[in-house]
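S.K.: Fold the following for me, if possible:
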Amino acid sequence: MQLGALSDALTPALRAIKQSEFYPEPKFHVSIGWALLERSGTDESTEDFPTIAEFPQSVIEGLNRDFSSQLRRPSARVEAEEVCVKIGKEAFQWGLGWAK
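M.R.: Numbering: from 1, shown residues only. Model (predicted):
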């Protein structure tokens, strides 16, 4: 399934929780090496999303070295087994049906 069709299919769920629909021509991205950073003076870690003080520069450099040339190609593909979306306080997760 293409991401545009998946985005369109989310419209009823967004309306059900009184959220705006996505942009008419959405742009998509993939987060690789995502982390929830600590905020000064708060401890917002949760069981599902622990925080870290900072994303180590060595990890960023390693990801760029190992993957940036492949991901910047117009023909780049990323295969995923599920899509996770957080809209406001609501979180949703869908399996894509081709898990290995």
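S.K.: Pro50: neighbour count?
M.R.: 11 (other C-beta atoms under 10 Å). Bear in mind the C-beta positions are built from the backbone N, C-alpha and C, glycine included.
S.K.: From His29, how far out is it?
M.R.: 23 Å (C-beta to C-beta, to the nearest Å).
S.K.: just Gly88 next, same as before
M.R.: Counting by C-beta to C-beta - Gly88 and His29 are separated by 19 Å.
S.K.: More neighbours: these two, which one.
M.R.: Gly88 (9 against 5).
S.K.: so after the longest helix along the chain, what's the next helix or strand?
M.R.: In the chain, with assignment by DSSP state H, the single longest helix is helix 57-71. Downstream of helix 57-71, the first helix or strand assigned by DSSP states H and E is strand 82-87.
S.K.: quick one: strands adjacent to that next one?
M.R.: strand 90-95 (antiparallel) (DSSP bridges).
S.K.: ok, Gln19 to Gln70 distance?
M.R.: Distance from Gln19 to Gln70, counting by C-beta to C-beta: 34 Å.
S.K.: Between these two, which is the more surrounded one?
M.R.: Gln19 (14 against 11).
S.K.: For the more buried one, which three-state class applies?
M.R.: Under DSSP: H, G, I helix; E, B strand; the rest coil, the three-state class of Gln19 is coil.
S.K.: surely it meets Gly88?
M.R.: Yes: using C-beta atoms under 8 Å, Gln19 is in contact with Gly88, at 6.2 Å.
S.K.: Low-confidence regions, the protein specifically.
M.R.: Filtered on pLDDT under 70, the chain yields the residue ranges 1, 40-49, 98-100.
S.K.: could you measure the closest residue to Phe92 other than its chain neighbours against Gln93, distance?
M.R.: Taking C-beta to C-beta, 6 or more residues apart in numbering, and ignoring the residues beside it in sequence, Phe92 has Val85 as its nearest neighbour in space, at 4.9 Å. Distance, Val85 to Gln93, using C-beta to C-beta: 8 Å.
S.K.: quick one, which of those two is more surrounded?
M.R.: Comparing Val85 with Gln93 by other C-beta under 10 Å, the one with more neighbours is Val85, at 14 against 9.
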